[in-house]
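**Q** here is a sequence with its predicted model. Questions after.
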Amino acid sequence: MSETHDAVHRHEPPKSFIRKYIFSLDHKVIGIQYILLALAAVLVGMIMSLLMRLNLSWPGTNWPILGTLFPGGAPNGVMNPEFYLSLVTMHGTIMVFFVLTTAPQGGFGNYFLPIQIGAEDMAFPFLNMMSFWITFVGFIVILAAIFFSGAPSTVGPIGGWTGYAPLSALGQIAGPGQGMGMNLWIISIAIFCVGSLLGALNFITTLLNMRTRGMSLMRMPLTCWAWFTTAVLALLSFPVLLGGGILLLLDRLAGTSFFIPGGLYVSGVLSGTNPNFPLHTGGSPILWQHLFWFFGHPEVYIAILPGMGATSHILATFARKPVFGYRAMVFAIFAIGLLGFFVWGHHMFISGMSPYSAVAFSILTLSIGVPSAVKTFNWIGTLWGARIRFTSAMLFAIGFVSLFVAGGISGLILGQSSLDLPVHDTYIVLGHFHLVMGVASIFGMFAATYFWFPKMLGRFMNERLGQIHFWITFLGVYAIFIPMHVMGLVGMPRRYSQFTEYEFLKSLHPLVIFVSVAAIITIATQFIFYFNLIWSIFKGKKAGDNPWEATTLEWSTATPPPHDNFAGIIPTVYRGPYEFAVPGAPNDFVMQTEADAEVPGGNGHEAHKH
Amino acid sequence: MATRLTSTKTVPKKGTRAGKGPGFPGPNGKGPKGNGWKGGDEPQRRLSASAYRITMWVVLAAILMMFAALSSVYIILAGGEQWQPIKMPRMFFLSSAVILTSSLSLEHAKRSLKLGRQRSSYYWTGTTLLLGVMFLICQLLGWRELRAQGLYFSGQPHSSFFYFFTGVHGIHLVGGIVALVYLLSRLRRALAPLSAKTEITAQVVSIYWHTMDAVWLWLFLLLMLWK
């Protein structure tokens, strides 16, 4: 903790390359490191989803390059089922942990939370650096699981991103993909938990203690509220996964029986009759599900809350209106976070559960619809009657709202135990969570990237490429995930490598091919984004300090922000974060640092307050 | 609906200070508490004693969450049909007494520090450190007692939990011991003038130590009584 007392020294930017860009203590550099990690991870996860789509639509096709790269997993270029299942596992794990958890929180949160509250860095810069590098090690370990999975036919463990016991707890005896790959998977998740906990600790402490003069809680941008709530969720949910992960690893390596029941008969071997399968007794496999989903449900809010914050922030900026119902938005964020801890059972309706608990979990789950609706209506209220500036960032923010609604609606079906039972583990679940948690969060991050890129790098991203990227991606993700709802209703189960054997699914095959084509087009479009990102760093149009005419503190400092964010001048905050179109004000936006603007009337959220 | 724009009336122009106190320009209707600013312009002052205490509690929230999860695992497995309860090794009674005593001695050290008796504080912190090490030795002896009965880490869950809980708690206590060593070194250096930071360190370390003490007592009672 001593580094906080050396705060004065931090104002000197480090000179050496390693201290400046690699082991940097600067929250801005660490934020960019997190974003780069997510950009690398999302590429891996995206290629895996592409391979899965190829196998689903054209099963049995010979892909020579696969045969060369993975002679065990795709002999003669034809993917075998184990290969596909390990792709499912790795795609889910990499996307959820290393993309949806790193970029929104570790990336943009790290970069902008201290600036938006007027601090010169995080409370514990050293911990901040550690949290990134620990996460990075976790990523290396999960990549290692691809190459050292313990079975030549897989590219990682088989178990899905949920790693259900007892399959994941038994070790090699349980089949391909249950050897070294599963150990590495668990270790990677455990390392990731530690990194995230350090990050969460930093976010909470920074936000509580380092706000600048006048930055009261209710004057914080909604992004800060979202990052704060996310950090609280991470702080309380990752320890549970860490504890569960350690127990699971002990079951595999130390012969304990936390998740393995007695008398288990696996691959023709009874527990205790074979040296490869020692005696187990007294464990409970369903316990792992409880621990996992107690973490897993808050995790989906960890993924999407920062996107909600960014969306609110960007909608207000480009609608040139205050966020409709600022206080309601804050309480909705908190309500979603709080309720998120009491609904994990809705992932387990089919695992065996008392009908009374199922009803309780259903009611609690559906009640999340209330704060979600508050947010949605307030976003629409913010847009209502506005003279919208349709920048790429704004388009993606509006896209976020659209996807959040489209994905959330099916949540109302899946959240009820009676309706969930028939569609559990079908493609409707895939459609639901990809829309609401996956793509919506990613849209939030796209919006954030287009919005904050000028502040981070001093140049705009190319607007035309941004618009092309938005429209193809927006239509593409709907073309991919809406048909999945239909497939789910017909009864197509998830995590099957192919459906050629099922007569009742034959008629769906054209739809499967349609989804794959849409996926290929959408994935190809993402390279426009990558190109735009790199091209704009060097060739983008130059941006000033406040190119979007926004109001919050990050736009009051230089572009890009200096090492201590405000060049030694500690800003003072005099007003709320979204004072757009204030009647009588000279500009249509009043910055948070403006004290003496002539502002006769109240407006927007501030008027609700007292 | 009142159309009052917060703070524009009470807030002075840039560069001047409002009212009393070093740095609270616009109380924003909530008084200084909601303002976040701790006063003073020096960054060093911005992480005050209360900030360190909050940080400690945030850390403990995560740690307690993990122990809560592990305890629920224990409670659920203890309700299973294949559960075979085992007897609490006697060594763990001794270790519980030792760690309780260590909390008292640390409290005494903190009180001495508050009264300005640094030498006494130094020795009582040292006593706490010794008791902490003794506790860990007792835990290891408890493991030996279990092994002597043929109860190992692998096998049936109750025995696994004895090893697992003591192990996980022990790792956290090692963290506490490292913190005590740090506090001790500060107290030793501070034998001349006492710095404010030493007092904060003592407070934060004692919060952690007492919580780990309480966690052990909880685990002890859980292992002994919940069968």
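**A** On my side now, so go ahead.

**Q** how about the contacts made by the nearest residue to A:I304 once chain neighbours are set aside?
**A** Residue nearest to A:I304 in three dimensions, not counting chain neighbours: A:S441, with 4.9 Å by C-beta to C-beta, 6 or more residues apart in numbering or on different chains. Just so you know, the C-beta spots here come from the backbone N, C-alpha and C atoms, and that holds for glycine as well. When contacts are counted by C-beta atoms under 8 Å, 6 or more residues apart in numbering or on different chains, A:S441 touches A:L100, A:P104, A:A303, A:I304, A:P306, A:G307.

**Q** could those go into CSV alongside pLDDT?
**A** As requested, the contacts of A:S441 are exported to CSV (pLDDT from 0 to 100):
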residue, pLDDT
A:L100, 96
A:P104, 95
A:A303, 96
A:I304, 96
A:P306, 97
A:G307, 97
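
**Q** out of these, list just those in helices.
**A** A:A303, A:I304, A:P306, A:G307 (DSSP state H).

**Q** isn't the first one right up against A:T101?
**A** This points to A:A303. Yes: at 6.3 Å, A:A303 counts as touching A:T101 under the criterion of C-beta atoms under 8 Å.

**Q** name the residues of the helix or strand hosting B:H158 that are buried.
**A** Element membership for B:H158, per DSSP states H and E: helix B:157-189. Neighbour counts over helix B:157-189 (16 or more other C-beta atoms under 10 Å in any protein chain shown) mark B:157-166, B:168-170, B:172-173, B:176-177, B:179-180, B:183-184, B:186-187 as buried.

**Q** CA-only coordinates of stretch A:570-583 in CSV, if you can.
**A** Extracted in CSV, the C-alpha atoms of stretch A:570-583 (Å, rounded to 0.1, in the frame of the first residue of the first chain):
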residue,chain,number,x,y,z
ILE,A,570,-7.1,19.2,-9.7
PRO,A,571,-10.5,19.9,-11.2
THR,A,572,-13.5,21.1,-9.2
VAL,A,573,-16.9,19.8,-10.1
TYR,A,574,-19.9,22.1,-9.8
ARG,A,575,-22.8,20.2,-11.4
GLY,A,576,-24.2,17.0,-12.6
PRO,A,577,-22.8,15.0,-15.5
TYR,A,578,-25.3,15.5,-18.3
GLU,A,579,-26.2,19.1,-18.5
PHE,A,580,-27.1,19.4,-22.1
ALA,A,581,-29.5,22.0,-23.6
VAL,A,582,-29.6,24.0,-20.4
PRO,A,583,-32.1,26.9,-21.0
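
**Q** now the helix holding B:H158: mean pLDDT?
**A** On average, the pLDDT along helix B:157-189 is 94.

**Q** near chain A at all, it?
**A** Yes: using C-beta under 8 Å from any C-beta of the partner chain, helix B:157-189 reaches chain A at B:P157, B:H158, B:S160, B:F164, B:V168.

**Q** could you say what helices and strands that helix packs with?
**A** helix A:222-253, helix B:49-78, helix B:118-148, helix B:196-225 (3 or more C-beta pairs under 8 Å, 6 or more residues apart in numbering or on different chains; DSSP states H and E).

**Q** quick check: buried residues in the last one?
**A** Applying a neighbour-count criterion of 16+ other C-beta under 10 Å, one finds B:198-209, B:211-213, B:215-216, B:218-220, B:222-223 buried in helix B:196-225.

**Q** poorly predicted segments of chain B, please.
**A** B:1-47, B:190-194 (pLDDT under 70).

**Q** swap the cut-off to 80 and go again
**A** B:1-49, B:189-196, B:227 (pLDDT under 80).

**Q** and chain A, by the same measure?
**A** In chain A, residues with pLDDT under 80: A:1-15, A:596-610.

**Q** and the contacts of A:S441, which is closest to A:I142?
**A** A:L100 (14.3 Å; C-beta to C-beta).

**Q** neighbours of the closest residue to the closest one other than its chain neighbours, just the number please.
**A** Distance criterion C-beta to C-beta, 6+ apart; nearest residue to A:L100, sequence neighbours excluded, is A:A303 at 3.7 Å. By the measure other C-beta atoms under 10 Å in any protein chain shown, the count of residues near A:A303 is 28.

**Q** now do A:P13
**A** Neighbours around A:P13, by other C-beta under 10 Å: 12.

**Q** helix, strand, or coil at it?
**A** coil (DSSP: H, G, I helix; E, B strand; the rest coil).

**Q** so it sits against A:H563, correct?
**A** Yes: if you go by C-beta under 8 Å, A:P13 and A:H563 touch, sitting 3.8 Å apart.

**Q** joint contacts of the two?
**A** What both A:P13 and A:H563 touch, as defined by C-beta under 8 Å, 6+ apart, is the set A:D26.

**Q** check which helices and strands the helix or strand harbouring B:S103 sits against.
**A** Using DSSP H and E, B:S103 falls within helix B:90-114. Packed against helix B:90-114 by the contact rule (3+ C-beta pairs under 8 Å, 6+ apart) you find helix B:118-148, helix B:196-225.

**Q** need phi/psi at the residue nearest to A:L85 when sequence neighbours are not counted.
**A** Nearest residue to A:L85, sequence neighbours excluded (C-beta to C-beta, 6+ apart): A:I158, at 4.5 Å. Main-chain torsions, A:I158, degrees, to the nearest 10: phi -110, psi 130.

**Q** OK, contacts around A:I158?
**A** Contacts of A:I158 (C-beta under 8 Å, 6+ apart): A:E82, A:L85, A:S86, A:T89, A:L167, A:G175, A:P176, A:G177, A:Q178.

**Q** please repeat the previous calculation with a cut-off of 10 Å.
**A** A:81-90, A:149, A:151, A:167-168, A:174-178, A:181-182, A:185, A:495 (C-beta atoms under 10 Å, 6 or more residues apart in numbering or on different chains).

**Q** tell me where the stretch 451-600 of chain A has strands.
**A** A:579-580, A:589-590 (DSSP state E, counting those that start in this stretch).

**Q** no further questions, thank you.
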